[in-house]
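Peer 1: The following block contains a protein sequence and its predicted model.
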Amino acid sequence: MCASFWESSVSKNTLLSIIAKHQGVILDDELYTILKKDYPDLSYKELNRMLMELEIQGLIYVSQITKSKRRVELVKEGQEFLGVGED
């Protein structure tokens, strides 16, 4: 029973390496599809939580393209993004 818990847990390094393999930019639904192959129990809510944690840490930047599509990109060294209300 514990084995399934550990198998379904996606590490942040796994997420970062998948994004890096796609030249540092990937759509969130494409990332979810790739992860579902190895982690079938992964929910979209869990992916969103991990993306939010990585964005707060300053490792990735997530931008909304359309209402249902988001662009996930690695933050390069020296690159900064302004938050909402920061001019």
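Peer 2: Received, thanks.
Peer 1: State the phi and psi torsions of S11.
Peer 2: Torsion angles at S11 (phi, psi; degrees, to the nearest 10) stand at phi -80, psi 160.
Peer 1: what's the burial count for it?
Peer 2: Neighbour count for S11, taken as other Cβ atoms under 10 Å: 9. For glycine as for every other residue, the C-beta is placed from the backbone atoms N, C-alpha and C.
Peer 1: Distance of it relative to K45?
Peer 2: As judged by Cβ to Cβ, to the nearest Å, S11 and K45 stand 17 Å apart.
Peer 1: Not counting sequence-adjacent ones, nearest residue to the residue positioned nearest the centre of the chain?
Peer 2: Centroid check for the chain by Cα atoms, centre = their mean gives L51 as the closest residue, at 3.9 Å. Distance criterion Cβ to Cβ, 6 or more residues apart in numbering; nearest residue to L51, sequence neighbours excluded, is V62 at 5.7 Å.
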